[in-house]
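Colleague: Structure here, sequence nowhere to be found:
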C-alpha cells in the first residue's frame, strides 16, 4: 500500500502521531509506537511511503524518494501555472 505523509502531531503523552493520506483518500493516523523503530525520524511532509499495514500497525515500510520528488515537482509546476494564469 502507498500512503503520503500529511503531518506529524504529538498526543497528550508527547508521542508522535503521523497523519497519512491513503490511496483512496482515506486518512490514517498511526502512532510512532505502531511503526518500525525510528521510522518516524525518517519521515518528512509529503513523503510517499510503500508499506504493509496489519491491525493498524506499519510492519514494513520504505520511503519512495524518487516518486516523492517527482510528485513535489509536479505540484510546484501546477501551482506555478495557476499563479501565472491569475496574473494574466
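Modeller: Arrived safely. Note that the coordinates shown come from a computational prediction; the quantities given were computed from them, not determined experimentally. Numbers count the residues shown, from 1 in each chain.
Colleague: From here on, just use CA atoms for contacts and neighbour counts.
Modeller: Will do.
Colleague: the longest strand in the chain is where?
Modeller: Assignment by DSSP state E gives strand 2-10 as the longest strand of the chain.
Colleague: Tell me which residues are up against that strand.
Modeller: The contact list for strand 2-10 (CA atoms under 8 Å, 6 or more residues apart in numbering) reads 16-23, 43-51.
Colleague: what helices or strands is the helix or strand containing residue 69 leaning on?
Modeller: Following DSSP states H and E, one finds residue 69 within helix 65-87. If you count contacts as 3 or more CA pairs under 8 Å, 6 or more residues apart in numbering; DSSP states H and E, helix 65-87 packs onto strand 48-54.
Colleague: hang on, the earlier thing: the helix holding residue 69: how far from the chain's middle?
Modeller: On the basis of CA atoms, centre = their mean, to the nearest Å, helix 65-87 sits 17 Å off its chain's mean C-alpha point.
Colleague: where does the chain have low pLDDT?
Modeller: Applying pLDDT under 70 to the chain picks out residues 86-88.
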